[in-house]
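Visitor: Can you look at this prediction? I've put the sequence above it.
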Amino acid sequence: MHRLRILSLTTAAAALAVMAAACGGDDDDGGSITVYSGRSEALVAPIIEDFTEETGIKVNVKYAGTDAAAALLLEEGSKSPADVFFSQDGGALGAVREAGLLATLPGSITGLVPEQYRASDGSWVGISGRSRVVVYNPGLINASDLPASYKDLTSAKWKGKVGWAPANASFQAFITAVRKVDGEDAAKVWLEAMAKNDAKTYANNNAIVSAVASGEISLGVVNHYYLWGLIKDQGEINAKNHYLAAGDPGALVNVAGAAVLKSAPNKSGAEKFVEYLLQKHAQEFFAQETFEYPLANGIATDPRIKPLAELKPPAIDLSDLDDLAGTLALLRSTGVLK
Amino acid sequence: MNWAALRPARKAPAALWLPGLLAVALTFIPVFYLALRSTEDGWSPWSRAFHTSVPQLLQRSLWLAAVVALLCVAVAVPAAWLTTRADIPARRVWSVLLTVPLAIPSYITALAVVAFLGPKGMLQGWLEPLGVDRLPEVYGFWGAAFTLTCAGYPYVYLVVRAALASADTAEEEASRSLGVSPLRTFFAITLPGLVPALAAGILLSVLYTLSDFGAVSLLNYSTFTRDIFIEYQSSFDRTGAAVLGAILGLVTLLILTSELGVRSWLARGRKRRQAAVRLVPLGRWGVLALAFLSIAVSLALVLPVGVLVYWLVNGLRANADFPALAPAVRHSVEMALAGAAITVALAFPVAILSARYGGLLARAAEQAAYVTHALPGLVVALALVFFGIRYATGLYQTVWMLLLAYVILFVPNALSALRGTLVRQPANLEDAAASLGKGPLMAIATVTAPLARPGLAAAFALVFLTIMKELPATLILSPPGYQTLPGLVWSRSTDALYAGAALPALALIAVAAIPVGLLAWKGDIGALES
């Protein structure tokens, strides 16, 4: 019986602690906002602390994957307690916009960002940019042999040597760009040729960069900043980024962005937060910590990285990349996603 | 006297069927949600699903579940027999080491498997001087099966070990004293008595495989659960995901029905052991036995923990950023304690109902609980979002909602631990208590509960560590700003900050392992040496 008693005592204590945690509310004078963040805590928390210190607005953050956060917002609908959605990619913002859940941002905020990196209706704004690149192992490949277009990756010389992550959102955005620029049929032909060329499937971009660095594969299609993140974590590694030719869908520049919910309980606080993300301090932080491209206020990229002004992405309206259902269907029908 | 004839006449007291009813009602939340979401666009998503992905997914998911269950049994049964019946040295230590991998989430095992066994992983690095240029592909079916076996076999081990530890050994000893070899004794006497426990263990392992996301996604093997996630992630298609979820639920129902068949075939209660066990001397087979146990422990425990320690040490050397642990540890422990207590409190009456009274409600409660258990945590979480934001606004985005999700997800874990114990308990002790004028509830309190104590403790430990590991529902339902250990591991590892992920991962494993490790340690004292 002794053990049971200890068990029930601990349990009662835990239940009390939980109750106390559940009931304790805290409302400061500066008000508070709730942010659903698809970006991870390591990349967001320091900026949020600074924001609270500067404005007195308390921020409650819910960290979840961008997909889970978007699914949550869609399920909550107009009753969502969220004020801001900070998304890892444009597709999720598009899906939440489609459901009519996003408020229109004031021109003073959208005006901070170049036109191609925000929603045409002002429902969301890009915070930082990321370019699609080919990451390669310089020990295995001569720079002169590198492909100029994504189409070259189906060449026989790359058989079994290319890594990709078909389940990954940024890869799917790239395929959507291929469909928009080169058409459905070209996308289908390319996917089938890649599968036939024995492209190696990985769970995500990090796994691809690691596999390239270890020599498991020679090259892979990823976003540019994973390489720099890995270098920061592990020191110099055996991998480099290669940018594809001007206008190639494989040179797509996508964004991580933020939006204010139509149902936001604290809309002015939410707008202040989005604006803060575009100010110098936050933009510098993203450039240094995430190696992405700052999109506002003329902040420079990390000097080791090819600057944003020199990138030549395909001319695509990022809002047009929201047909992910079509891309998913294509990936399934070609057997690339199985 | 014909006891069987009396059984159907017994009516369950309200204290048993009310919780049963509650358990059914709770599991209806995700079922109702799936029914609603999967039919909101008519039947076309269903026919599309059946014409494209479903047949293949079905085949792939079931094949993986079957192979993993088989491998789990192949590891767990010999391990359980060796640690309860054989004269191996340090039996209790082995018990603990074999049980503790339960505390390692499949996504951590998968990360470690890829890092260690990948074509250019750490192992290849060690073998490089021997001329090994690359190892065979770890991704795909066998990588996923291997990872899920490492992460899932302890579920089977625990159930089988509990059954062996409390089973009557008189027949085994009689058999051996008549000169029958230990091996034949095992197959003729011991194994048949293990069937209910094996069935429960296999069921848990199958449900574990069907609902797993971490291992299959990191090792690139497509199953229902992985596809449901992809559906949400890529197209935010709630209908398509709900259709797949509903099909997964129906498949689980079919599996459950067949499990019930096995169970009713062997519903007889077994006597509890009275005397101490005489251990089987292994002699020269002892070395082989130790080798077997060492391999199992190395793969399931040393490999993942070793990789984590390696990352941690590397990070310490490189001055990496480490997250603050204290709040996450506190939240995770609070949730796991409270969630386990509530879950076991709800499961105990349901288990008694099912083991002693039978009937429609008991069966419905049990089956409904298992169906939701096979659903991905994401689906159960979204069902609670749907329900909470409409009908329980006060609870929404509080820890209560999260606790509710844990109860719905993990009642089956508690049920399986409790049912096994109860079925092996002689019901006529309660009947005797009742015939002495005690009411059925008094009989339960004074006879059933004390005898079921090992089962209660096991259920608590099992649910505690499962909650500690749970990721998708925890991310979606925890209140904003509420950090948990799995949340930290997830956020750091998705950023490829492996050193930062290793610290909370090791903390998670250490905390989750405490109750179950204690149990494995004490289990030997209580069951074998008393």
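Guide: Structure received. No experiment lies behind these values; they were computed from the predicted model shown.
Visitor: So for the closest residue to chain A within the stretch 51-200 of chain B, what's the pLDDT?
Guide: Closest residue of the stretch 51-200 of chain B to chain A, CB to the nearest CB: residue B:120 (3.6 Å). C-beta: built from backbone N, CA, C; applies to glycine. Note on residue B:120: pLDDT of 77.
Visitor: Number of residues surrounding it?
Guide: Counted by other CB atoms under 10 Å in any protein chain shown, the residues lying close to residue B:120 total 18.
Visitor: How about the contacts made by residue B:172?
Guide: B:85, B:185, B:189-190 (CB atoms under 8 Å, 6 or more residues apart in numbering or on different chains).
Visitor: how about 10 Å then?
Guide: B:85, B:180, B:182, B:185-186, B:188-190, B:193, B:273, B:277-278, B:280 (CB atoms under 10 Å, 6 or more residues apart in numbering or on different chains).
Visitor: Where does the closest residue in space to residue B:172 that isn't next to it in sequence sit: helix, strand or coil?
Guide: Of all residues not flanking residue B:172 in the chain, residue B:189 sits nearest, at 5.1 Å (CB to CB, 6 or more residues apart in numbering or on different chains). Secondary structure for residue B:189, judged by DSSP: H, G, I helix; E, B strand; the rest coil, is helix.
Visitor: check contacts around residue B:189.
Guide: Counting by CB under 10 Å, 6+ apart, residue B:189 makes contact with B:167, B:169-176, B:180.
Visitor: What about the residues you listed, which are in helices?
Guide: B:170-176 (DSSP state H).
Visitor: quick one: which of the residues you listed has the most company?
Guide: Greatest neighbour count in the ones in helices among the contacts of residue B:189, by other CB under 10 Å, goes to residue B:172: 23 neighbours.
Visitor: Give me the pLDDT value at that one.
Guide: Residue B:172 is assigned a predicted lDDT (pLDDT) of 76.
Visitor: Same check on residue A:7?
Guide: On the pLDDT scale, residue A:7 is placed at 50.
Visitor: Repeat that for residue A:168.
Guide: Per the predicted model, pLDDT is 84 at residue A:168.
Visitor: What's the separation between it and chain B?
Guide: Distance of residue A:168 to chain B, computed by CB to the nearest CB, to the nearest Å: 9 Å.
Visitor: so what's that residue up against?
Guide: So residue A:168 contacts A:89, A:174, A:202-205, A:207-208, A:221-223, B:230, B:233-234 (CB under 10 Å, 6+ apart).
Visitor: In helices, which of these appear?
Guide: Secondary structure assignment by DSSP H places A:174, A:205, A:207-208, B:230 of the contacts of residue A:168 in helices.
Visitor: which secondary element of the chain has the worst mean pLDDT?
Guide: In the absence of a named chain, this looks at chain A. When the helices and strands of chain A are scored by mean pLDDT, DSSP states H and E, helix A:2-23 comes last with a mean of 50.
Visitor: does chain B sit close to whatever helix or strand comes next after it?
Guide: Downstream of helix A:2-23, the first helix or strand assigned by DSSP states H and E is strand A:32-37. Yes - against chain B, strand A:32-37 shows contacts by CB under 10 Å from any CB of the partner chain at A:32-37.
Visitor: Give the other helices and strands that strand A:32-37 contacts.
Guide: When contacts are defined as 3 or more CB pairs under 10 Å, 6 or more residues apart in numbering or on different chains; DSSP states H and E, strand A:32-37 sits against helix A:41-55, strand A:58-63, helix A:66-76, strand A:84-87, strand A:253-260, helix A:267-277.
Visitor: Surely residue B:387 forms part of a strand?
Guide: No - membership of residue B:387 in a strand is not supported by three-state DSSP, which gives helix.
Visitor: Which of the helices or strands spans the closest residue to it other than its chain neighbours?
Guide: Among residues not flanking residue B:387 along the chain, residue B:29 sits closest, at 5.2 Å (CB to CB, 6+ apart). Assessed by DSSP H and E, residue B:29 sits inside helix B:14-39.
Visitor: Now the very next helix or strand once past that helix: buried residues?
Guide: From helix B:14-39 onward toward the C-terminus, using DSSP H and E, the following helix or strand is helix B:44-51. Neighbour-count burial for helix B:44-51 flags B:45-46, B:49 (criterion: 16 or more other CB atoms under 10 Å in any protein chain shown).
Visitor: pLDDT on helix B:44-51, on average?
Guide: 78.
Visitor: now that helix and helix B:14-39, what's the angle there?
Guide: Following axes from the mean of the first three to the mean of the last three CA atoms, to 10 degrees, one obtains 90 degrees for the angle between helix B:44-51 and helix B:14-39.
Visitor: what's the neighbour count on residue B:187?
Guide: Taking other CB under 10 Å as the definition, residue B:187 ends up with a neighbour count of 11.
Visitor: Kindly report the same for residue B:246.
Guide: 22.
Visitor: Same check on the one 3 residues further on?
Guide: By the measure other CB under 10 Å, the count of residues near residue B:249 is 21.
Visitor: same deal with the one 3 residues further on?
Guide: Counted with other CB under 10 Å, the burial measure for residue B:252 works out to 22 neighbours.
Visitor: In space, what's closest to it - neighbours in sequence excluded?
Guide: residue B:374 is the one closest to residue B:252 (CB to CB, 6+ apart), at 4.0 Å.
Visitor: ok, now how distant is the one residue in the stretch 151-300 of chain A that gets nearest to chain B from residue B:497?
Guide: Nearest residue of the stretch 151-300 of chain A to chain B, counting by CB to the nearest CB: residue A:214, 3.6 Å away. The gap separating residue A:214 from residue B:497 is 18 Å, by CB to CB, to the nearest Å.
Visitor: These two - which one has more neighbours?
Guide: Using other CB under 10 Å as the criterion, residue A:214 and residue B:497 rank with residue B:497 on top: 25 against 19.
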